[in-house]
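*Asks:* Below is the sequence, then the predicted model.
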Amino acid sequence: MDATGSINSDICVENDEDLIEDSEEKELVTDSCSTKVLNIEQPVDKYCIVYILFYLFGVSSLVPWNFLITANDYWMYKFRDVPPNNLTMEVRKTQFQAEFTSYLNVATAIPNLIFLILNSLYGHLVSLKSRLQSSLIVVTISFLVTTALVQVNTDEWQNGFFIITMVTVVIMTAASAVFIGGLVGIASRFSKEYMAAVVSGQSLGGIIAAVAQIISLAFKISPQHSALIYFIIADVLVITSLISYISLYKIDFFTHHILQGSGMVTNRHREVSMVNIMKKIWVYAFSIFAIFAISMAVYPAVTVLVESHPATKGTDWNNIFFVPVVNYLIFNCGDYSGRLVAGFLLRPLNQWVIAIASIIRIIGVPMLMLCNAKPRKHLPVLFLWDYEYIMIMIVFAFTNGYLTNIVMINSTRVVEFHEREKASSVIATMLSVGLTVGAAVGLLLVRVL
């Protein structure tokens, strides 16, 4: 790099840090423990109730993804070969079993992207309260349909069941996108702890789903009954979020920030320029796109196919616990840990360093593809042992969560307060673009194995 490039890089570093620190100094928003900011009396988040509910909303916002994708044993049962066409002792995955996860990725990624964009463009035509409440109701109804189908015998009409499932998933995802779009917009009006709560809550939802599945497997509950258990848990979470969101409007701390406080009145007349916002956050937007495009390219489309070392063949670890423990629980714990650590450190601040770190994660894609994924026809297996696969997964998951939290928080700190809601909407949309691209790539990578 020449001298000019070095100087420009230094300026970028200083500008990034100055903008974020400046934003923190000017911010008139109380955190979960403050009672005064700049000597201005404001309502306090008593007992951190709003903070806790933001965590709950984060969990509920990804309920369709977390609980549907974690129910791998259930989907494998629903799409098994009936009657078995294979007369040998070797049990092979059917086409539905091998490709269902990839199709599920696409069915969640595309409507998520479309409705995040629609929410950004036309969401203001419907009140925020109505959007979030109605979206939670739609998710609940859709999940009830999915739950009802658990006990229905679909062996004779697997194609029809597949279509119904995909349609239901699309509807659920569309409603969830509207909820997420509104949720990150709300969180952007509070101090950074509340955005961190939403982002961390999304990862915590994956842990809850994985633990529920592992408990069901440990007690040797049938695939149908285990799916019934955590689909009901999903319904309870969404309904609880709906009731909680309605109750939030009775809390002064929440209504102060949403309806009155933190300069909302004085900034109401100020126009929000999308061009100006993009100039400030386009590097962060690219970073969040790269993070999720890379992650979704292999997780869970490829990783769900990874099997334990052949030496464990016939054991409960191989047959029952390997996929839910490693693919779901360990990944979500790693992701959640990354988000928690990022909430404390909030480093690096420089947007270019964050972007480079996001791109470097692509190393994890070929490494995971070279693990013991089955079926495979083309690539060799270089990482056959379980500990190798687990180590790769932990690093891949931790960096996903860490960088996600860094981007979500910092991207709203480099814009003016009245621009934060729109900036967070742009970041959420680019995250969805990453999910969509990653899901499409995942379909191809499964066939490359």
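*Replies:* Good, I have the coordinates.
*Asks:* the strands in the stretch 1-150 of the chain, which residues?
*Replies:* 36-37, 40-41 (DSSP state E, counting those that start in this stretch).
*Asks:* which stretch in the ones you listed is the model least sure about?
*Replies:* In terms of average pLDDT, strand 36-37 trails the rest of the strands of the stretch 1-150 of the chain, at a mean of 42.
*Asks:* mind listing the helices for the stretch 101-250 of the chain?
*Replies:* Here the stretch 101-250 of the chain has its helices, by DSSP state H, counting those that start in this stretch, at 128-148, 158-187, 192-218, 223-248.
*Asks:* What are the buried residues along stretch 236-250?
*Replies:* Within stretch 236-250, the residues that count as buried by 16 or more other C-beta atoms under 10 Å are 237-239, 241-242, 244-245, 248. C-betas here are computed from N, CA, C, even on glycine.
*Asks:* Would you convert those residues into CSV that also reports distance to residue 157 and pLDDT?
*Replies:* What follows is the buried residues of stretch 236-250, written out as CSV (distance: C-beta to C-beta, whole Å; pLDDT from 0 to 100):
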residue, distance to residue 157, pLDDT
237, 30, 91
238, 28, 90
239, 30, 89
241, 33, 93
242, 33, 90
244, 39, 93
245, 38, 91
248, 43, 90
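*Asks:* Sort out which one of the residues you listed lies nearest residue 355 for me.
*Replies:* Top of the list for closeness to residue 355, among the buried residues of stretch 236-250 and by C-beta to C-beta, is residue 241 at 33.2 Å.
*Asks:* isn't that closest one right next to residue 62, touching?
*Replies:* No - using C-beta atoms under 8 Å, residue 241 is not in contact with residue 62; the gap is 11.6 Å.
*Asks:* Flag the shaky bits of the stretch 1-150 of the chain, pLDDT-wise.
*Replies:* The stretch 1-150 of the chain contains residues with pLDDT under 70 at 1-41, 84-91.
*Asks:* what do you get if the cut-off is 90, keeping everything else the same?
*Replies:* Scanning the stretch 1-150 of the chain for pLDDT under 90 picks out 1-44, 46-47, 61-74, 76-77, 80-113, 116-133, 140, 143-144, 148.
*Asks:* excluding its backbone neighbours, what's nearest residue 368?
*Replies:* Distances taken as C-beta to C-beta, 6 or more residues apart in numbering place residue 298 nearest to residue 368, at 4.7 Å, with adjacent residues excluded.
*Asks:* I'd assumed residue 365 was in contact with the one you found.
*Replies:* Yes - shown here, residue 298 and residue 365 form a contact pair, counting by C-beta under 8 Å, at 5.3 Å.
*Asks:* These two - which one has more neighbours?
*Replies:* For residue 298 versus residue 365, the count of surrounding residues by other C-beta atoms under 10 Å is larger for residue 298: 25 against 20.
*Asks:* Now list whatever residues contact both of residue 298 and residue 365.
*Replies:* Here residue 298 and residue 365 have residue 445 as joint contacts, going by C-beta atoms under 8 Å, 6 or more residues apart in numbering.
*Asks:* just to revisit the earlier point, what residues are up against the residue nearest to residue 368?
*Replies:* 364-365, 368-369, 442, 445 are the contacts of residue 298 under C-beta under 8 Å, 6+ apart.
*Asks:* Show me which of those residues has the smallest pLDDT value.
*Replies:* The lowest pLDDT within those belongs to residue 442, with 91.
*Asks:* which residues touch it?
*Replies:* The contact partners of residue 442, by C-beta under 8 Å, 6+ apart, come to 102, 105, 296-298, 301-302.
*Asks:* roughly how far is the helix or strand hosting it from the heart of the chain?
*Replies:* According to DSSP states H and E, residue 442 maps onto helix 420-448. Put simply, helix 420-448 sits 10 Å off its chain's centre (C-alpha atoms, centre = their mean, to the nearest Å).
*Asks:* swap in stretch 62-69?
*Replies:* Relative to its chain's centre, stretch 62-69 lies at 9 Å (C-alpha atoms, centre = their mean).
*Asks:* How about residues contacting it?
*Replies:* Contact with stretch 62-69 is made by 101, 104, 108, 139, 142-143, 146, 169, 172-173, 176, 180, 202, 205-206, 208-209, 230-231, 233-234, 237-238, 300, 328, 332, as judged by C-beta under 8 Å, 6+ apart.
*Asks:* Ok, stretch 405-415 next?
*Replies:* Outside of stretch 405-415, the residues within contact range by C-beta under 8 Å, 6+ apart are 16, 19-20, 23-24, 184, 188, 192, 195-196, 199-200, 277, 280-281, 284-285, 287-288, 291, 338-339, 342-343, 346-349, 351, 354, 358, 420, 423-424, 427.
*Asks:* one more time with 6 Å
*Replies:* Stretch 405-415 is contacted by residues 19-20, 23, 188, 192, 195, 199, 277, 280-281, 284, 287-288, 339, 342-343, 354, 420, 423-424, 427 when judged by C-beta atoms under 6 Å, 6 or more residues apart in numbering.
*Asks:* One more: stretch 367-384?
*Replies:* So stretch 367-384 is contacted by 298, 302-303, 305-307, 309, 389, 392, 449 (C-beta under 6 Å, 6+ apart).
*Asks:* ok so, going back, now render the helices of the stretch 101-250 of the chain as TSV, adding distance to residue 46.
*Replies:* As requested, the helices of the stretch 101-250 of the chain are exported to TSV (distance: least, C-beta to C-beta, whole Å):
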stretch	distance to residue 46
helix 128-148	22
helix 158-187	19
helix 192-218	15
helix 223-248	13
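*Asks:* Please name whichever of those helices is nearest to residue 436.
*Replies:* Smallest distance to residue 436 across these (C-beta to C-beta): 11.1 Å, for helix 158-187.
*Asks:* Same question for that closest one: list its buried residues.
*Replies:* Going by neighbour count (16+ other C-beta under 10 Å), the buried part of helix 158-187 is 158, 161-162, 164-166, 168-187.
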